[in-house]
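A.B. asks: The following block contains a protein sequence and its predicted model.
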Amino acid sequence: QLVESGGGLVQAGDSLRLSCSVSGRTFSNYARGWFRQAPGKEREFLTAISRNGDESFYVDSVRGRFTISRDNAKNTVYLQMNNLKPEDTAVYYCAASATIVTIQEKDGNYWGQGTQVTVSS
């Protein structure tokens, strides 16, 4: 139901924009967010945006480099990633939940299948 796209292989310092579209239902009344999971590590929360887009939250590691946005008319959420670093290499997942608080708890989230982002040094 959540479908990520836009991943790929880039060099350090480059930018990528990930998209998360929806099929089969609408998530316009849900908070949306992005997580990532590197090999051998737990899935890590990165950022979330409220239902109407007026509130967003970022973890320290991506604040100032990543920007989340949403277009409810297109039922799509975006993650603009600038100044990418090798440590950003991971599978990136989009998620949906009731609020930007509950989405961080992972349990009960709707998840996409993930898209690979690889940043070379």
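C.D. replies: On my side now, so go ahead. Numbering: from 1, shown residues only.

A.B. asks: ok, and the residue nearest the centre of the chain, which helix or strand is that part of?
C.D. replies: By CA atoms, centre = their mean, the chain has its centre lying nearest to residue 34, at 2.4 Å. Element membership for residue 34 (DSSP states H and E) is strand 31-37.

A.B. asks: contacts for that strand?
C.D. replies: Residues outside strand 31-37 that contact it (CB atoms under 8 Å, 6 or more residues apart in numbering): 18, 20, 43-51, 66, 68, 70, 77, 79, 88, 90-100, 102-104, 106, 114, 117. All C-beta atoms are positioned from the backbone trio N, CA, C, and that covers glycine.

A.B. asks: again, but for stretch 3-17
C.D. replies: With contact meaning CB under 8 Å, 6+ apart, stretch 3-17 is reached by 18-23, 78-86, 92-94, 112-121.

A.B. asks: and with 7 Å instead?
C.D. replies: 18-21, 23, 78-86, 92-94, 112-121 (CB atoms under 7 Å, 6 or more residues apart in numbering).

A.B. asks: Out of those residues, which end up buried?
C.D. replies: Using 16 or more other CB atoms under 10 Å as the burial test, the contacts of stretch 3-17 include 18-21, 78-79, 81, 84, 92-94, 112, 114-115, 117, 119 as buried.

A.B. asks: now, the most widely separated pair of these?
C.D. replies: Greatest spatial distance among these (CB to CB): 21 and 119, at 23.5 Å.

A.B. asks: residues contacting residue 24?
C.D. replies: residue 1.

A.B. asks: Report the separation between it and residue 110.
C.D. replies: The gap separating residue 24 from residue 110 is 11 Å, by CB to CB, to the nearest Å.

A.B. asks: Between these two, which contacts overlap?
C.D. replies: residue 1.

A.B. asks: pLDDT wise, what is the residue nearest to the centre of the chain at?
C.D. replies: Looking at residue 34, its pLDDT reads 98.

A.B. asks: Quickly list what it is bridged to.
C.D. replies: Per DSSP bridges, residues listed as beta-bridge partners of residue 34: residue 47, residue 94.

A.B. asks: Renumber starting at 47 from here on
C.D. replies: Sure thing, new numbering starts at 47, so read that last one as residue 80.
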